[in-house]
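[1] I'll drop the sequence and a predicted model, then ask my questions.
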Amino acid sequence: MTTPPPSTPASSPTSSLVDGLRFAFGTLTVLPVRVARWDREAARTGMLCAPVAGAVVGLCAAALGGVLLLLGAGPLLAAVASAAVPAALTRGLHLDGLADTADGLGSAKPAPVALDIMKRSDIGPFGVVVLLFTLFAQVAVLAQLYARGVAAGMAAALVAAVAARLALTLASRAGVPAARPEGLGAAVAGVVPVRAAAGAGLAVTVVCAAAGLVPGGVVGAVHCAVAVAVALGAAEVLLRHCVRRFGGVTGDVFGALAEAAATAALVVLALG
């Protein structure tokens, strides 16, 4: 990880929001956004804005899949495209975090050794297996939903991306420690007040439910809300396990949480 820019003094609410959005997009996407501040205030606002970054990623994924389907491509190709966009817009960092976390958890080693394993540049067998099955599941679900209709597939791609980043907001809540004294995990661990995290969770769930109205009416809205709830539940289970195993969160754990939440949301959307 590159050396973060020096912290700057607290500023007005408007500039604080701008700094938070810069933090969210600068750390969670590859979009050309410069992170101007790396202090706790910017991190707090940035992690609260994480679902906004997810919405942009999800809209790009949904747009590419929808355009391909409308141009005559099959549901499978549209699904592969929608799954590839989030990977491209994050340089695969979340997928890499998923693989590294799987290697750390699968090693059955003490926390310091497991954390060292996660820092290595190579991917072990646990990481490869988890990574492949996660991507297979995401593509399979998106293909199934695109086969139902372009609106269903696009809504699923959007909801999954937003739910994935909302999981990061909740994982940054107060009381969740960092496993290392450096890195993204240390920068954002515990920065979001619990009430603010809960409020963000409720607001984002309502927005995702609204997205479900387009392809499925009221039933679709409820389905999307349930998908977000299950995604957050799956991420929370993984978060607690990682905190017990590693002593806290790391950047890799955040990547794993995002992919777990996205996959869980998609699986729920495929049911019923």
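    It's in.
[2] average pLDDT across the one helix or strand residue 241 maps to?
    Here residue 241, judged by DSSP states H and E, is contained in helix 194-246. For helix 194-246, mean pLDDT is 94.
[3] Which secondary structure elements does it sit against?
    In terms of contacts (3 or more C-beta pairs under 8 Å, 6 or more residues apart in numbering; DSSP states H and E), helix 194-246 is packed against helix 40-48, helix 93-106, helix 111-119, helix 150-171, helix 251-270. C-betas here are computed from N, CA, C, even on glycine.
[4] mind redoing it with 7 Å?
    When contacts are defined as 3 or more C-beta pairs under 7 Å, 6 or more residues apart in numbering; DSSP states H and E, helix 194-246 packs onto helix 93-106, helix 111-119, helix 150-171, helix 251-270.
[5] Quick one: distance of the first one to the chain centre.
    Computed by C-alpha atoms, centre = their mean, to the nearest Å, the chain-centroid distance of helix 93-106 equals 14 Å.
[6] what's in contact with that helix?
    87, 114-115, 117-118, 123-124, 126-128, 130-131, 134, 242, 245-246, 251-256, 258-259 (C-beta atoms under 7 Å, 6 or more residues apart in numbering).
[7] If I look at the residue of the chain positioned farthest from its centre, what pLDDT would I see?
    Within the chain, residue 72 marks the point farthest from the mean C-alpha position, 30.0 Å out by C-alpha atoms, centre = their mean. pLDDT recorded at residue 72 is 94.
[8] just the one 5 residues further on next, same as before
    Reported pLDDT at residue 77 in the predicted model: 97.
[9] One more: residue 124?
    Residue-level pLDDT assigned to residue 124 equals 90.
[10] Chain neighbours aside, what residue packs nearest to it?
    residue 103 (4.2 Å; C-beta to C-beta, 6 or more residues apart in numbering).
[11] separation between that neighbour and residue 69?
    Using C-beta to C-beta, to the nearest Å, one gets 36 Å for the distance from residue 103 to residue 69.
[12] Could you do residue 251 as well?
    Residue 251 is 34 Å from residue 69, by C-beta to C-beta.
[13] More neighbours: these two, which one.
    residue 251 (26 against 22; other C-beta atoms under 10 Å).
[14] Look at that one and report its pLDDT.
    93.
[15] Skipping adjacent residues, who's closest to it in space?
    residue 184 (3.8 Å).
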